[in-house]
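In: Fold the following, please.
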Amino acid sequence: MVAGDAAGGGVAISGVLAVRALIGELEALEGVLAASLVATWPLVIALIGGHDMRNIGDGAEEYRKVFHAAGILASVVAISAYLTRTPIARSYVMIAIPLAGVICFMWRYRLRKRLHQRRREGECLSRVVVVGHWGAVLELHGQLNRERHHGLRIVAACVPRRQHMDLSAQFEGLPVLGDFTNVAEVARKVRADTVAVLSCPELDGTALRRLAWQLEETGIDLYVASALMEVAGPRIRIRPVAGLPLLHVAHPDLRGVRQVVKSIFDRVVAAVMLLVLLPVMLVISLVIIGDSRGSVLFRQRRVGKGGEEFTVFKFRTMVPDAEAMKGELLRRNEGNGVLFKLRKDPRITPVGAWLRRYSLDELAQLINVLRGEMSLVGPRPPLPDEVAQYGDDVRRRLLVKPGMTGLWQVSGRSDLSWEESVRLDLRYVENWSLVMDLQILWKTWSAVISGQGAY
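Out: As a prediction, the model looks like this:
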């Protein structure tokens, strides 16, 4: 990564220097300025934590550091040029430094994809001892097994003494090697890199402080999980008050200026996509007409923001009387309990199966986005009979507009359990940001191309 950052800065800055030399605008001592920027660029990234292992491999902080470094270096060069009245700096401030940031962003993205692939193959994983009650331990164990790109592998567990005595030494493939009194000893025994403490009343501030002291001697990292599930990112701040590190949790931004920006972004992008994809949508319409009788568009009532119903549009992928046939197929439901799904649904037409595999049937929902009923990114739009089965917690999904894509779309789609689908939707509602929307839209392309979980 360090080599790539240095090379990216060198390519961008040397490129601008070469172009200026070709057009005959090279000034005296400009080579010295370019060489200084090439040497300074990776140092600035390092100084603001761009090479910190805690920011590498997961989350947006790694990329944010690169653009933060570009902003700092460009500001320093611009201010210095203004004070010294040096006109040659404009090309480097406006072109070279931003280009260096883009190159390093692409380089880091490529490295991250390679790292995630190696982690899925069982390499480059941190060994973790997890501490907590057995139910929470198993939940975390299952989640980390499904999402190995996070780079954590649980190698042992420490549970309360009563649960430890009730469990065998190896339960569901996870060794239980101790209780809350010998966590540091277990961590040393299994050569762990990290100890993760889940929320439990037995481990109060004093116990955690003593555990931190014990782990400090071996250099093992200590992670403490908050009891607030699915709340993360900019909503959480540590605020020291009277010597206590209080966790300040801001309310999710479900109204206000950012939601207005999101709405404008959705409608502008939807309008552009409708214009660009109009020929594709016309071809899809003609193929559907040639494949089976019936209308091109399928209309269905769905529940949107605040529980208000609207009509969702999709390209028709089933036979015209599909809804009437649903009652006969309920006993064969392969969905996740609340949703109705069949891997080999007899109602789906041959063309419809192809459209579903690549999510082309959902392009018609751009109309719903343009009308303000849906968003580009959000929870899955539920049916009214699904909403009727919602509990109070699940109804929180209805606080935002449903989306054409979302965390559920890039995490397995129909292969997800009902609980996992709800968890992902609630995570989105609690932590929404425009950056998260852009990340999900980027990941949607690979999810659509692979066709995983689409049926």
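In: all contacts plus neighbour counts: C-alpha atoms, from now on.
Out: OK.
In: could you list every residue that touches Val260?
Out: With contact set as CA atoms under 8 Å, 6 or more residues apart in numbering, Val260 has no partners.
In: quick one: it is in a helix?
Out: Yes. Using DSSP: H, G, I helix; E, B strand; the rest coil, the assignment for Val260 is a helix.
In: Tell me which helix or strand in this structure has the weakest average pLDDT.
Out: The element with the least model confidence among the helices and strands of the chain, by mean pLDDT, DSSP states H and E, is strand 170-171, at a mean of 56.
In: Following element in sequence after that strand, please.
Out: strand 174-178 (DSSP states H and E).
In: And that next one, what's buried?
Out: Neighbour counts over strand 174-178 (16 or more other CA atoms under 10 Å) mark Pro175, Val176, Leu177, Gly178 as buried.
In: go on, stretch 297-316?
Out: Neighbour-count burial for stretch 297-316, with 16+ other CA under 10 Å as criterion, is recorded at 297-298, 302-305, 307, 309-310, 312-316.
In: Can you tell me the element Ala46 falls in?
Out: helix 30-47.
In: Heading C-terminal from that helix, find the next helix or strand.
Out: Along the chain past helix 30-47, the next helix or strand (assigned with DSSP H and E) turns out to be helix 61-84.
In: What residues of that next one count as buried?
Out: Going by neighbour count (16+ other CA under 10 Å), the buried part of helix 61-84 is 62-63, 65-70, 72-74, 77-78, 81.
In: Tell me the span between the first and last residue of stretch 410-424.
Out: Start and end residues of stretch 410-424 are separated by 10 Å (CA to CA, to the nearest Å).
In: rewinding a little: make TSV out of the buried residues of helix 61-84 and add distance to Val32 and pLDDT.
Out: As requested, the buried residues of helix 61-84 are exported to TSV (distance: CA to CA, whole Å; pLDDT from 0 to 100):
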residue	distance to Val32	pLDDT
Glu62	30	87
Tyr63	29	88
Lys65	26	91
Val66	24	92
Phe67	24	91
His68	24	93
Ala69	21	94
Ala70	19	93
Ile72	20	94
Leu73	16	93
Ala74	17	91
Val77	13	88
Ala78	16	88
Ala81	14	82
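In: Run through who's touching stretch 32-40.
Out: Looking at stretch 32-40 with CA under 8 Å, 6+ apart, the contacting residues turn out to be Ala6, Gly9, Gly10, Ile13, Ser14, Leu17.
In: returning to that earlier point: rebuild the buried residues of strand 174-178 as JSON lines, extending it with distance to Val130.
Out: As requested, these are arranged in JSON lines below (distance: CA to CA, whole Å):
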{"residue": "Pro175", "distance to Val130": "11"}
{"residue": "Val176", "distance to Val130": "10"}
{"residue": "Leu177", "distance to Val130": "11"}
{"residue": "Gly178", "distance to Val130": "11"}
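In: Mind splitting this structure into its structural domains?
Out: If the domains of the chain are taken from automatic domain parsing, they occupy 2-120, 126-225, 257-450, with pieces of a single domain joined by a plus sign.
In: Quick one: those domains as JSON lines, columns for distance to Ile238 too.
Out: Written out in JSON lines, the entries for those read as follows (distance: least, CA to CA, whole Å):
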{"stretch": "domain 2-120", "distance to Ile238": "17"}
{"stretch": "domain 126-225", "distance to Ile238": "13"}
{"stretch": "domain 257-450", "distance to Ile238": "17"}
